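> Could you look at this predicted model? Sequence included:
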Amino acid sequence: MESQPPGRPSRGLTVGIITPHFPPDRGGCASRYEDMVKELTRLGFRCSVLTEVPSYPTGQVPQGFRNRLIFEDRREGARVFRAAIFPFKVDSIFDRVVAYTFFLISAAAFICLWGRKRFLCDAYILSTPPVTMNALAPIIGAVLRRPILNDVRDFWPEALQGTYIGRSGIRARTIQMLQLLGIRRSKSVVTVTPGLMDRVDRAMKSNRISRPLYYVPNGVDLGLFKASDVPMESAGERLTPPGSKTILYSGILSRSQKPENVIRAFKLVAEKRSDAMLLLIGRGDAEATVKEMIERTGLGDRVRLLDPVPRETLISYIRESAVCLVPLHENQVDALTTKFFEYLACEKPVIATSSNNLKEILSESGAGLFVSINDEASLASAITSLLSDEALGKRMGKQGRSYLEKSVFNRSESVKTLAGAISVMVGE
């Protein structure tokens with residue numbers, strides 16, 4: 001197990017990135033690979049991306065990306081191939097599985113039919129999750145015959161147990177087989193948290209798999225995400241009424257976030273603070289539950305639920321907020337989400353749950369508060385305390401930004417480790 005690859009990043013290598021989500025798709029996965037491409041290009045690598053046509057998470061494919069199997073464009077200096085899919089609105093876990101399966105089929109077809117002519121690179125980065133992507137590893141090896149680096153950001157089936165599947169049974173075993181297949185067919189593995197790194201390392205040893213394992217954490221582009229001194233004073237610029245204080249969550253609305261607990265906690269906050277507003281930016285399989293709870297609790301005028309937005313718009317919404325939330329199911333003990341770093345970079349106090357990594361960072365940085373996702377009273381109390389003490393929130397926000405500037409969670413620094421791992425993998 002290695003945290004840093006030896007040697008310096010090599011210039012001139014070509015890298016193929018295979019991921020279901022890339023901008024203009026939104027979310028943490030798309031943001032990670034957009035920043036990755038930007039930084040690898042800056043280091044002298046030449047990047048190509050194989051992804052699906054834009055549709056996530058609304059299920060709507062733009063008119064210009066219809067009626068063809070493959071579309072080609074450029075973004076962040078990379079050559080981007082977009083494979084056709086049968087798009088699904090992300091309303092359930094079934095929809096997500098079907099959408100990912102369609103991308104798997106179209107990506108495999110592209111690699112087999114045109115991969116060596118149009119997508120041949122020195123090395124490939126394979127995005128996992130979704131776990132279905134691991135089925136592409138043997139195809140890449142057989143057709144393209146180049147080394148694969150498996151980017152493991154969740155280790156399945158553990159990441160799904162307690163939320164979508166049980167701890168045993170045929171589904172769990174099938175998912176585990178796919179996860180291990182991708183690792184076996186890869187030459188190197190990277191993970192995003194120390195806890196996840198330990199779990200992957202143990203799984204590889206117990207299954208007699210020997211691969212270099214590197215730590216390439218999620219992070220943030222500190223030049224893009226930053227605080228603003230310009231107040232959003234006009235009603236036309238604000239999402240919430242003037243004088244209100246916004247609590248913000250941005251990201252997928254799934255069982256892994258337990259958004260129903262957030263709604264219940266906010267109801268307690270709303271009973272004490274007439275100026276409190278909750279802004280939820282995202283979609284997912286828990287969206288219907290969230291809407292039903294908002295209606296049942298009578299919070300329709302205090303909670304706004306929005307579709308995902310471009311990163312530039314998201315930054316303005318973060319800047320408008322008073323408190324930012326990172327709610328996580330209790331099984332997400334190794335999570336280290338992109339949104340967490342975006343909030344810190346914009347100098348906002350953060351309230352997080354469940355993840356040992358987030359707890360450690362908040363403790364070291366003084367950037368926010370950590371509570372139990374299942375203790376709604378404590379969650380409400382933490383929100384209320386930060387709304388009531390504006391000076392405390394500002395101090396926490398500045399401490400969070402300062403922490404990032406000196407940490408490995410600066411995206412430009414973490415990609416240097418990735419670049420070194422790629423160079424070692426291809427024998428540079």
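Cool, got the structure.

> What's the local residue count around residue 224?
Neighbour count for residue 224, taken as other Cβ atoms under 10 Å: 15. (Glycine included, C-beta is placed from N, CA and C.)

> Please apply the same query to residue 142.
Residues lying near residue 142 (other Cβ under 10 Å) number 11.

> Help me confirm that residue 16 is found in a strand?
Yes. Residue 16 forms part of a strand when assessed by DSSP: H, G, I helix; E, B strand; the rest coil.

> Verify the stated contact: it with residue 118.
No. Using Cβ atoms under 8 Å, residue 16 makes no contact with residue 118, being 10.4 Å away.

> for this structure, which spans come out with low pLDDT?
1-11, 57-59, 87-96, 156-169, 229-238, 428 (pLDDT under 70).

> Which one of residue 16 and residue 118 is surrounded by more residues?
Taking neighbours as other Cβ under 10 Å, residue 16 and residue 118 compare with residue 16 leading, 26 against 15.

> ok, and the closest non-adjacent residue to that one?
residue 121 (3.8 Å; Cβ to Cβ, 6 or more residues apart in numbering).

> how near is that neighbour to residue 144?
The gap separating residue 121 from residue 144 is 8 Å, by Cβ to Cβ, to the nearest Å.

> Mutual contacts of the two, please.
Taking Cβ atoms under 8 Å, 6 or more residues apart in numbering as the criterion, residue 121 and residue 144 both touch residue 16.

> quick one, phi psi at residue 344?
Here is the backbone geometry of residue 344 (degrees, to the nearest 10): phi -60, psi -40.

> That one: how many residues sit nearby?
Applying other Cβ under 10 Å, we find 30 residues neighbouring residue 344.

> residues touching it, list them.
220, 350, 365, 367, 397, 400, 401, 403, 404 are the contacts of residue 344 under Cβ under 8 Å, 6+ apart.

> and the residues you listed as CSV, adding secondary structure, distance to residue 289 and neighbour count?
Shown next, in CSV, are those (DSSP: H, G, I helix; E, B strand; the rest coil; distance: Cβ to Cβ, whole Å; neighbours: other Cβ atoms under 10 Å):
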residue, secondary structure, distance to residue 289, neighbour count
220, strand, 29, 24
350, strand, 24, 25
365, helix, 33, 19
367, coil, 30, 27
397, helix, 31, 24
400, helix, 30, 27
401, helix, 34, 21
403, helix, 34, 18
404, helix, 33, 22
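
> Out of the residues you listed, the closest to residue 127 would be?
The closest of these to residue 127 turns out to be residue 220 (Cβ to Cβ; 18.6 Å).

> Check the gap between the closest one and residue 309 for me.
Distance, residue 220 to residue 309, by Cβ to Cβ: 17 Å.

> Tell me how many other residues crowd the residue nearest to residue 300 when sequence neighbours are not counted.
Leaving aside its sequence neighbours, residue 300 sits nearest to residue 294 (Cβ to Cβ, 6+ apart; 5.8 Å). Per other Cβ under 10 Å, the neighbour tally for residue 294 reads 21.

> Just list what the helix or strand harbouring residue 294 packs against, helices and strands only.
With elements taken from DSSP states H and E, the one containing residue 294 is helix 287-296. Using 3 or more Cβ pairs under 8 Å, 6 or more residues apart in numbering; DSSP states H and E, the elements in contact with helix 287-296 are helix 259-272, strand 303-306.

> how many degrees apart are it and helix 259-272 in direction?
Helix 287-296 and helix 259-272 meet at an angle of 20 degrees, taking axes from the mean of the first three to the mean of the last three Cα atoms, to 10 degrees as the criterion.

> dump the residue contacts of residue 392.
Going by Cβ under 8 Å, 6+ apart, residue 392 touches 349, 385, 386.

> quick one: the first one and residue 325, what's the gap?
Spelled out, it's residue 349. As defined by Cβ to Cβ, residue 349 lies at a distance of 10 Å from residue 325.

> Which parts of this structure are strands?
Ranges of strands in the chain, per DSSP state E, are 14-18, 46-52, 70-75, 78-83, 123-128, 148-152, 188-191, 213-215, 245-250, 276-281, 303-306, 323-326, 350-353, 368-371.

> Tell me which of those strands approaches residue 343 most closely.
Nearest to residue 343, of those and by Cβ to Cβ, is strand 323-326 at 3.9 Å.

> Pull out the buried positions in stretch 105-122.
Neighbour counts using 16 or more other Cβ atoms under 10 Å place 105, 106, 107, 108, 109, 110, 111, 115, 119, 120, 121, 122 of stretch 105-122 among the buried residues.

> Just send those residues back as TSV, with distance to residue 379 too.
Below are those laid out as TSV (distance: Cβ to Cβ, whole Å):
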residue	distance to residue 379
105	42
106	42
107	40
108	44
109	47
110	45
111	46
115	48
119	46
120	51
121	46
122	48
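
> Farthest-apart pair in those residues, please.
Pairwise over those, using Cβ to Cβ, the maximum falls at 105 and 122, 26.0 Å.

> gap between the longest helix seen in the chain and the chain center?
Assignment by DSSP state H gives helix 93-118 as the longest helix of the chain. Computed by Cα atoms, centre = their mean, to the nearest Å, the chain-centroid distance of helix 93-118 equals 21 Å.

> ok, back up a step: contacts only, for the residue nearest to residue 300.
By Cβ under 8 Å, 6+ apart, the residues touching residue 294 are 263, 300, 303, 305.
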